[in-house]
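**Q** this one's structure only:
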């Protein structure tokens with residue numbers, strides 16, 4: 001089990017990784033000044049590029065939406081991965097072996113290499129299957145897709161392919177690309193018999209199953225021919241890459257829209273995902289041969305930023321008994337979310353793919369819009385089993401529903417559904433239902449039925465936590481957090497101070513030696529800039545030799561509200577087109593800062609001199625005059641150097 005990655009290794013990965021090369025994999029960057037690059041922001045929609053990358057300091061900043069960070073943060077946000085996963089991915093990218101605290105271990109170079117070989121094999125197989133879909137032998141597969149309302153463009157969008165009939169078409173292809181049988185056995189794409197390995201998928205329509213980063217890790221295959229004795233759907237078995245409890249089909253295509261729209265739609269099959277996306281619901285995903293479980297919830301929470309501030313998860317199920325059973329299983333997992341959960345069931349039993357075929361895209365939208373809270377669905381489904389027109393039926397319905405309501409962990413929501421259940425049963429006294437549910441909750445606690453994570457706190461109708469709810473930390477007292485106003489860009493002093501901080505962050509090597517003493521002693525008139533300057537003074541000046549670590553440590557020292565400002569200052573293009581011009585510009589700006597400091601100190605000493613009686617304190621009078629003379633000489637020297 002991996003422990004925490006050593007801090008120095010994290011710094012090393014950050015230092016060795018070229019942020020431009022990483023960002024280039026997601027964003028088209030163009031030069032925007034010496035050492036600065038711009039592109040369209042991947043975090044919000046824009047027409048003019050405002051996403052800026054400064055490789056020298058290892059940071060990015062969007063001047064449109066304010067998103068900022070280093071290369072690790074970028075990978076986290078793009079791949080929706082954890083911090084540790086992002087560091088491990090970047091370390092693998094540069095071939096750096098990480099060390100872990102407390103004797104923990106991470107993937108070795110051998111494991112990383114083995115995993116990459118498996119990924120390479122899947123990528124080649126994916127391309128092979130897609131190419132086969134265009135061959136004459138795949139006519140049945142193309143007919144199937146056309147019959148479900150999917151044209152060639154749709155097949156290409158989702159990477160749908162075809163596994164040819166026969167025993168070794170893919171096997172020969174991958175052997176020809178240099179893969180050994182020992183490697184191929186680990187992929188899950190082959191079965192083994194007395195004569196060796198052979199293709200697992202034969203004469204089937206193929207869907208590539210990709211992880212959240214977009215890497216193909218497995219396949220789903222649908223039977224096409226009557227003489228195929230296998231199951232209707234056949235998936236890759238569990239491998240080191242493919243764990244079905246941790247995979248959601250379509251997550252690679254849906255992740256950005258899920259994060260943007262704060263919505264996740266869970267459907268039941270590959271064609272349902274395709275139908276939803278093509279109908280304009282790009283937040284749809286599907287499980288791969290298993291129920292929606294705990295590991296899937298972890299993925300969903302990460303994408304939804306499931307922190308109690310909203311978002312919704314919508315489960316779509318067939319209207320038949322199996323679909324209702326699946327919805328009730330989802331109910332058991334609901335309270336791991338703070339986002340609200342809903343169920344959308346089509347009464348006719350049609351799935352999204354069928355709906356799109358028979359009634360068009362609008363019908364798919366209507367299905368999603370018809371969602372009902374999952375709690376309500378679970379209770380009403382239970383009540384449907386009884387004849388509520390009779391006293392006996394109502395009593396039986398009440399007894400069966402009480403455990404369902406009692407399973408709702410948020411007390412406020414549970415009380416609300418006690419009242420709703422009273423109405424659905426037509427009972428006169430809601431307190432009777434509440435009494436029975438409360439007793440059931442106590443009994444369940446005694447039986448130890450309350451396992452799992454605690455409720456995240458009361459939710460409002462939107463899914464947001466109620467103020468003061470359990471687990472919600474009290475905010476700071478009013479005025480406890482300092483507020484910083486953005487300086488007026490027309491203020492010449494603020495403008496010069498901003499330029500000085502840009503130079504100090506982007507070209508910190510210029511602060512070496514005596515320059516650091518001068519810079520450290522400077523005072524800034526703008527409160528926000530003074531706070532950034534204080535953060536620099538609190539950072540080890542030895543780090544000025546390493547711009548990436550220098551900016552990283554300044555970000556750590558600065559008050560949190562000012563971190564976006566530091567990120568902005570660290571990446572804004574400097575007004576120079578050559579390295580020599582940059583150095584001259586930076587020296588000039590620092591000279592202006594130091595001259596401004598001299599002017600301020602001179603003004604203070606001149607004030608002291610004017611208030612002083614030379615006859616009463618001749619020594620102080622002479623000392624101030626000498627200090628003023630030294631300051632003037634220092635100012636002239638600065639101008640001469642400039």
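**A** It's in. This one's a predicted model, so the numbers in the text were calculated from it and none came from an experiment.
**Q** C-alpha from now on. contacts and neighbour counts both.
**A** OK.
**Q** So which helix or strand of this protein has the lowest pLDDT on average?
**A** Here the helix or strand of the chain ranked lowest by mean pLDDT, DSSP states H and E is helix 321-333, holding a mean of 60.
**Q** moving C-terminal of that one, what's the next helix or strand?
**A** strand 340-346 (DSSP states H and E).
**Q** got the contact list for the residue nearest in space to the middle of the chain?
**A** Nearest to the geometric centre of the chain sits residue 80, at 3.0 Å (C-alpha atoms, centre = their mean). Residue 80 is in contact with 212, 255, 302, 303, counting by C-alpha atoms under 8 Å, 6 or more residues apart in numbering.
**Q** again with residue 418
**A** 405, 430, 433, 434, 437.
**Q** Got phi/psi on the last one?
**A** Right, the one you point to is residue 437. phi -70, psi -40 (degrees, to the nearest 10).
**Q** so how many other residues sit close to it?
**A** Using other C-alpha atoms under 10 Å, residue 437 has 24 other residues around it.
**Q** quick one: contacts for it?
**A** 402, 403, 405, 406, 418.
**Q** is it true that residue 259 touches residue 303?
**A** Yes - in this structure, residue 259 is within contact of residue 303 by C-alpha atoms under 8 Å, at 5.2 Å.
**Q** In JSON lines, list the contacts of residue 418 along with secondary structure, pLDDT and distance to residue 570.
**A** Listed next are these as JSON lines, based on DSSP: H, G, I helix; E, B strand; the rest coil; pLDDT from 0 to 100; distance: C-alpha to C-alpha, whole Å:
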{"residue": "405", "secondary structure": "helix", "pLDDT": "85", "distance to residue 570": "54"}
{"residue": "430", "secondary structure": "helix", "pLDDT": "75", "distance to residue 570": "62"}
{"residue": "433", "secondary structure": "helix", "pLDDT": "83", "distance to residue 570": "61"}
{"residue": "434", "secondary structure": "helix", "pLDDT": "85", "distance to residue 570": "59"}
{"residue": "437", "secondary structure": "helix", "pLDDT": "82", "distance to residue 570": "58"}
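**Q** Run through the neighbouring helices and strands of the top helix by length along the chain.
**A** Of all segments of type helix in the chain, defined using DSSP state H, the longest is helix 579-611. Secondary-structure packing of helix 579-611 (3 or more C-alpha pairs under 8 Å, 6 or more residues apart in numbering; DSSP states H and E): helix 492-506, helix 618-641.
**Q** can you list contacts of the following helix or strand past the first one?
**A** Scanning forward in sequence from helix 492-506, with DSSP H and E defining helices and strands, the next element found is helix 514-521. Applying C-alpha under 8 Å, 6+ apart, the contact partners of helix 514-521 are 511, 533, 537, 541, 594.
**Q** where are the low-confidence patches of the stretch 51-200 of the chain?
**A** Applying pLDDT under 70 to the stretch 51-200 of the chain flags residues 102-112.
**Q** So residue 598 is in contact with residue 636, correct?
**A** No - using C-alpha under 8 Å, residue 598 is not in contact with residue 636; the gap is 10.5 Å.
**Q** More neighbours: which of the two?
**A** Using other C-alpha under 10 Å as the criterion, residue 598 and residue 636 rank with residue 598 on top: 18 against 13.
**Q** Now render the contacts of helix 514-521 as a markdown table, adding distance to residue 567 and neighbour count.
**A** Output for the contacts of helix 514-521, formatted as a markdown table (distance: C-alpha to C-alpha, whole Å; neighbours: other C-alpha atoms under 10 Å):
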| residue | distance to residue 567 | neighbour count |
| --- | --- | --- |
| 511 | 19 | 22 |
| 533 | 14 | 24 |
| 537 | 17 | 17 |
| 541 | 19 | 18 |
| 594 | 24 | 22 |
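**Q** Which pair of the residues you listed spans the longest distance?
**A** 541 and 594 (18.1 Å; C-alpha to C-alpha).
**Q** before we move on, the earlier item: present the contacts of residue 437 as TSV; the columns should include secondary structure.
**A** Converted to TSV, those look like this (DSSP: H, G, I helix; E, B strand; the rest coil):
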residue	secondary structure
402	helix
403	helix
405	helix
406	helix
418	helix
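**Q** May I see the buried residues of stretch 140-151?
**A** Neighbour counts using 16 or more other C-alpha atoms under 10 Å place 140, 141, 142, 145, 148, 149, 150 of stretch 140-151 among the buried residues.
**Q** likewise stretch 83-103?
**A** Buried residues in stretch 83-103, counting neighbours by 16+ other C-alpha under 10 Å, are found at 84, 86, 87, 88, 89, 90, 91, 92, 96, 98, 99.
**Q** could you dump those to a markdown table with secondary structure and distance to residue 179?
**A** A markdown table is the format used below for those (DSSP: H, G, I helix; E, B strand; the rest coil; distance: C-alpha to C-alpha, whole Å):
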| residue | secondary structure | distance to residue 179 |
| --- | --- | --- |
| 84 | helix | 30 |
| 86 | helix | 28 |
| 87 | helix | 29 |
| 88 | helix | 25 |
| 89 | helix | 24 |
| 90 | helix | 25 |
| 91 | helix | 25 |
| 92 | helix | 21 |
| 96 | coil | 25 |
| 98 | coil | 28 |
| 99 | coil | 30 |
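**Q** Next one: residue 497 from residue 595, what distance?
**A** Distance, residue 497 to residue 595, using C-alpha to C-alpha, to the nearest Å: 12 Å.
**Q** the more surrounded of the two?
**A** Neighbour tally, residue 497 and residue 595, criterion other C-alpha under 10 Å: the higher count belongs to residue 497, 24 against 20.
**Q** Which neighbouring residues are in contact with that one, exactly?
**A** 524, 526, 529, 593.
**Q** Same question for residue 527.
**A** residue 484.
**Q** got it, and residue 23?
**A** Contacts of residue 23 by C-alpha under 8 Å, 6+ apart are residue 74.
**Q** And it, how close does it get to residue 120?
**A** From residue 23 to residue 120 the distance is 22 Å (C-alpha to C-alpha).
**Q** Please apply the same query to residue 17.
**A** 22 Å.
**Q** For residue 613, grab the count of nearby residues.
**A** Residue 613 has 11 neighbours, counted by other C-alpha under 10 Å.
**Q** Determine the three-state secondary structure at it.
**A** coil.
**Q** Number of residues surrounding the nearest residue to it once chain neighbours are set aside?
**A** Counting by C-alpha to C-alpha, 6 or more residues apart in numbering, residue 613 lies nearest to residue 621, which is 7.9 Å off, once chain neighbours are set aside. Residues lying near residue 621 (other C-alpha under 10 Å) number 17.
**Q** What of the one 3 residues further on?
**A** Residues contacting residue 624 under the criterion other C-alpha under 10 Å number 17.
**Q** which residues touch it?
**A** By C-alpha under 8 Å, 6+ apart, the residues touching residue 624 are 605, 609.
**Q** Would you mind measuring from it to residue 605?
**A** 7 Å.
**Q** and what of residue 531?
**A** If you go by C-alpha to C-alpha, the gap between residue 531 and residue 605 works out to 25 Å.
**Q** again with residue 430
**A** Going from residue 430 to residue 605 by C-alpha to C-alpha gives 80 Å.
**Q** One more: residue 249?
**A** Residue 249 sits 72 Å away from residue 605, going by C-alpha to C-alpha.
**Q** Neighbour count: those two, which is higher?
**A** residue 249 (27 against 16).
**Q** close enough to count as contact, that one and residue 285?
**A** Yes - using C-alpha under 8 Å, residue 249 is in contact with residue 285, at 5.5 Å.
**Q** where do the contact lists of these two overlap?
**A** Both residue 249 and residue 285 are contacted by residue 273, under the criterion C-alpha under 8 Å, 6+ apart.
**Q** Where does the prediction get shaky in the stretch 401-550 of the chain?
**A** In the stretch 401-550 of the chain, residues with pLDDT under 70: 446-483.
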